[in-house]
Every structure is written in structure tokens, then in C-alpha cells.
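S.K.: Compute the structure for the input listed below.
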Amino acid sequence: MPTAVQITRTGGPEVLEPAEVPVGPPGEGKLLVDVAAAGVNYIDTYQRQGIYPLELPFVLGMEGAGTVAEVGEGVTGFAPGDRVAWQGVLGSYAARAAIPATVAVKVPAGVSDEVAAATMLQGVTAHYLVRSTYEVKAGDDVLVHAAAGGVGLLLVQLAKARGARVIGTVSTEEKAQLARGAGADHVIRYDREDFAAVTRELTGGEGVAVVYDGVGKDTVDGSLASLRIRGTLALFGAASGPVPPLDPQRLNSGGSLYLTRPTAAHYVRTREELDWRADELFAAVQDGSLDIRIGGRYPLAEARRAHEDLQGRRTTGKLLLIP
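M.R.: Numbers count the residues shown, from 1 in each chain. Below you'll find the model as predicted:
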């Protein structure tokens, strides 16, 4: 039985190799966790391909949840038996993982391990985008790409909760129904329509306050064309490929636009900020105002299939690996 998914060479999904990877006692400041579920994210595919270079070999996976088995020296606030979730460190595609206590948060009662794992990285991403990168206000028009994806469904819900009118883009009717179910006011089939033109029409020619774009190369031009004067493009991913170099003069001619390329690590720099985001997300899950859609569960040994499905755009919601 493999205990982890290890990368010994970069490339396509075929390089995901189930392996026996022993994990020793937790070092200083760490928790040894029995992993109940590991989240599958687009950043995993970038690391697998070598777009984000890492020293080989390594165990993939930036997010998970499980039960603390051992507590390392110097750790306070956690004990064996605690249920915890985390994001932002490698090693989660495993039956056991040693994680820094600084990235762990306790999972409250009423939130399952699977939902906790599915909430962390994409949930923190959606939270910082809506609360911090561009703080959505009541009455704002917001455009969310891939609105039926893992982050997209969360962005739609969080932006609606703050009083925005949300326009979502999707590629299939099934995904359109999911986006509407999450609260999207308008859904654009980008495979059939020019989403920038439709967005302009929906906003009376003004454009939206912010575009949340995790697609990248295929959408960036239309995203810029969808913004109002002084609007913000939050480019937080590149599912279709990296964005080519951009002439800053385009931001001027587009209406003094703002462009940012945020990443989660810069929005959870302190324990207080991490706890704030996790606490708000888990509270919303508990009271039913935030629905975490788990779109697929795969055995740990089938990580390759999970990556193929994710990159083939055959998925909605969150994908999990179950050790």
C-alpha cells in the first residue's frame, strides 16, 4: 500500500508515483498528522510540471486535514487527537504528514475532515480575494471566471454575501447551473459568447469593479476589457497557461486599471490573519451560508487520474485524495 505520492521527475500526470515514503517523529515546531483527506489544487499541477521549480524528490500536496498523532518539541496549543487542517506547505498527498504547527488550524465540531480539507487553500484564496485583494462592497459588479470550479463557487458565494452582483463564466450548461445555484446573477458561456462584450452590456457599458481570474492566458485580454475605470484585475492562477508579458500602458488606456498577481502565502503571514480567515470560513460552513462542494474523491494511488480530470476541465468543485 503506497503511503505517499512522490515526484522524482517533473512532467505530465504520469510522473505522479505512488511510493512508500516513511515519515519519522515530528521535528521541533511540527505536528505529525494522520491525513484523512488531501486537497488537489492547480498549484499542484504547476509544481508537478516544474513551472514552480522545487528540489526533487518531493511529496506533492499543499492542503489537507486529519488527526494529530504526535506533537513536536516547542509546540503549544495542539495535542494528540486534535483534528486539524492546513494549507501552504508541501507533503499532503500522504497517509501521514509532518506539518509546521504555524500553518495548522483546529477543525471545529460540525465540520468534517473532508470539508475542512476542501475549505483550506481554495477557501483562504477566495477569502483574501474578496476581503483583501479587492474588498467587495454592496452594489459592486464582479466577474468570476470558472465560476463552477473550486475557487469559483466560493468566490460567487462570498461576493454575493457582501452584496455584489456576480457575473460568472463557465464552459458547459451543467457548470452554468452550479454557478447559478451558488448565487451568480448572470452566467456567460464563454465557449459561445464574447464574455467581455456581454459583461459590458450587463453593466450598461461601465464594466465591473473587479475580475477574479484564475484562468490566465485565455482570459486575460477579455478580463482587462471587462473592467470599469480604475477597476482591478486579480490574476490568481493560470489554468490555461501563464500570461505573456504585459505592457503597463494597457492599464493606462484601459482606464487607469489595477493589476495584481496575489498568492495565499502573502495573505496569511501571521497567526492572527490565518485564524481570522479560517474562523470566518468555518463559521460560514457551520451556519450553512457557505457550501463547500466536493466534486470528486480519489484514492491516494489515483492521484494521476485526479490531475488528468482537473486539467481536462472535467471537474466541478473540490477534488480530494483519500489515503
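S.K.: what about residue 94, distance to residue 116?
M.R.: 17 Å (CB to CB, to the nearest Å). C-beta here means a position set from N, CA and C on the backbone, and glycine is covered the same way.
S.K.: and the strand or helix carrying residue 86, which strands flank it?
M.R.: Applying DSSP states H and E as the criterion places residue 86 in strand 83-87. Note on strand 83-87: by DSSP bridges, its sheet partners are strand 63-71 (antiparallel), strand 104-106 (antiparallel).
S.K.: isn't there a strand covering residue 275?
M.R.: No. Counting by DSSP: H, G, I helix; E, B strand; the rest coil, residue 275 is not found in a strand; it is helix.
S.K.: And for the residue lying closest to it once chain neighbours are set aside, the neighbour number?
M.R.: Of all residues not flanking residue 275 in the chain, residue 105 sits nearest, at 6.5 Å (CB to CB, 6 or more residues apart in numbering). Residue 105 has 23 neighbouring residues, counting by other CB atoms under 10 Å.
S.K.: For residue 105, name its beta-bridge partners.
M.R.: residue 85.
S.K.: tell me the contacts of it?
M.R.: In this structure, residue 105 makes contact with 84, 85, 86, 120, 274, 275, 278, judged by CB atoms under 8 Å, 6 or more residues apart in numbering.
S.K.: now the closest residue to residue 182 other than its chain neighbours, what's its secondary structure?
M.R.: Using CB to CB, 6+ apart and skipping residues adjacent in sequence, the residue nearest residue 182 is residue 156, 4.2 Å away. The three-state label given to residue 156 by three-state DSSP is helix.
S.K.: separation between residue 156 and residue 294?
M.R.: 17 Å.
S.K.: returning to that earlier point: pLDDT score for the residue nearest to residue 182?
M.R.: For residue 156, the pLDDT comes out at 98.
S.K.: Same check on residue 42?
M.R.: Taking residue 42 on its own, its pLDDT is 88.
S.K.: so what's the backbone phi/psi at it?
M.R.: When read as degrees, to the nearest 10, the backbone of residue 42 gives phi -60, psi -30.
S.K.: And it, how close does it get to residue 95?
M.R.: In terms of CB to CB, residue 42 sits 24 Å off from residue 95.
S.K.: If you count contacts, what does the helix or strand where residue 125 lies end up packed against?
M.R.: Applying DSSP H and E as the criterion places residue 125 in helix 113-128. Here helix 113-128 touches strand 30-40, strand 63-71, strand 83-87, helix 150-161, helix 271-286, strand 294-299, strand 318-322, going by 3 or more CB pairs under 8 Å, 6 or more residues apart in numbering; DSSP states H and E.
S.K.: immediately after it, which helix or strand?
M.R.: By DSSP H and E, the next helix or strand past helix 113-128 is strand 141-144.
S.K.: Check which strands are paired with that following strand and give the direction for each one.
M.R.: Paired strands of strand 141-144, with direction, are strand 165-170 (parallel), strand 208-213 (parallel) (DSSP bridges).
S.K.: Only C-alpha atoms, please: export the last one in CSV.
M.R.: Right, the one you point to is strand 208-213. Presented in CSV, the C-alpha positions along strand 208-213 are these (Å, rounded to 0.1, in the frame of the first residue of the first chain):
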residue,chain,number,x,y,z
VAL,A,208,-17.1,45.5,-13.5
ALA,A,209,-15.3,46.7,-10.4
VAL,A,210,-13.1,43.6,-10.2
VAL,A,211,-12.4,40.5,-12.3
TYR,A,212,-11.2,37.4,-10.4
ASP,A,213,-9.3,35.4,-13.0
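S.K.: which residues touch that strand?
M.R.: Strand 208-213 has contacts (CB under 8 Å, 6+ apart) with 129, 134, 136-137, 140-145, 151-152, 155, 167, 199, 219-220, 223, 226-228, 231-237.
S.K.: Flag every buried residue along stretch 307-318.
M.R.: 307, 309, 310, 311, 315, 316, 317, 318 (16 or more other CB atoms under 10 Å).
S.K.: From residue 208, how far out is the last one?
M.R.: Taking CB to CB as the measure, residue 318 falls 26 Å from residue 208.
S.K.: hmm, back to that, show me which of the buried residues of stretch 307-318 is closest to residue 244.
M.R.: The nearest member of the buried residues of stretch 307-318 to residue 244, counting by CB to CB, is residue 311 at 20.1 Å.
S.K.: I figured the closest one hits residue 48, correct?
M.R.: No. Taking contacts as CB atoms under 8 Å, residue 311 lies outside contact range of residue 48: 9.9 Å.
S.K.: re earlier: any idea how many residues pack against the residue nearest to residue 182?
M.R.: Neighbour tally, residue 156, other CB under 10 Å: 30.
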